[in-house]
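Student: make a model of this:
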Amino acid sequence: TPISNTTGYNIYKNGILEKSNYTSTSSVFSNLAGGTLYKMEASALVNSVESAKGSLDIVTICNSPTGLNHSNLKPSEFVLSWNSVTGASGYNIYKNNTIIATNISTTSYNVKGLTAQVTYNMSVSATNSSGESSQSSTRSVTTPRGDRVSGLQSSNITTSSFTLAWNSVTDATSYKIYKN
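Tutor: Next up, the predicted model:
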């Protein structure tokens, strides 16, 4: 309820007077840190006498995650990881702009059920009690072919050599051979 004969308001942020004898009943605060708790207080001034303060704790929405990376890339899955975000209580995972997981509590997620040789555009947002950040920069991940060399056989084994043979892979243009 309004206080009669109010001539202005004092506005405090984290115990520090931010606006003195302010005449409006609302104010925008900017240049705040993402995912941070701010204790806001306001008091009314009546003939230069300050009333008791009303208070409200406000947590700003988190910054977007950074440092998206992928590892353990397989034809049908990979691990997506990112840097921790200050004030985040969870993370939402997006594949091709569609949310696939919500409120993940760690900074990595195993993306499964994929198709080989397809590019997936991945992004992550951070969440807290105030809402969801914007999505991170996109990380494009292309899954590898699903087929593998099979039927490895050796023949013509001597003290210093052997022949290695295998079944051909459809559409393969070359093969890499690893020793030890």
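Student: for Gly90, what are its contacts?
Tutor: Thr102, Asn103, Ile104, Ser105, Ala126, Thr127, Asn128 (Cβ atoms under 8 Å, 6 or more residues apart in numbering). Heads up, the C-betas are built off the backbone N, CA and C, glycines and all.
Student: out of these, who has the most neighbours?
Tutor: Highest neighbour count within the contacts of Gly90: Ala126, with 27 neighbours (other Cβ atoms under 10 Å).
Student: what residues does whatever helix or strand it lives in touch?
Tutor: For Ala126, the element it lies in under DSSP states H and E is strand 119-128. Residues from elsewhere that reach strand 119-128 (Cβ under 8 Å, 6+ apart): 35, 59, 61-65, 68, 70, 80, 82, 85, 87-97, 102-103, 111, 114, 132-143.
Student: adjacent strands (with direction) for that strand?
Tutor: Using DSSP bridges, strand 119-128 pairs in its sheet with strand 90-95 (antiparallel), strand 131-132 (antiparallel), strand 139-142 (antiparallel).
Student: which one of those is the most hemmed in?
Tutor: Between those, strand 90-95 has the highest mean count of neighbours, a mean of 19, where neighbours are mean count of other Cβ atoms under 10 Å.
Student: quick one: mean pLDDT over the helix or strand just after that strand.
Tutor: The first helix or strand that comes after strand 90-95 along the chain, using DSSP H and E, is strand 98-104. What strand 98-104 shows for mean pLDDT is 98.
Student: and strand 98-104, how far out from the chain middle?
Tutor: 10 Å (Cα atoms, centre = their mean, to the nearest Å).
Student: what packs against it?
Tutor: In terms of contacts (3 or more Cβ pairs under 8 Å, 6 or more residues apart in numbering; DSSP states H and E), strand 98-104 is packed against strand 90-95.
Student: now with 10 Å, please.
Tutor: Where contact means 3 or more Cβ pairs under 10 Å, 6 or more residues apart in numbering; DSSP states H and E, strand 98-104 is packed against strand 90-95, strand 108-111, strand 119-128.
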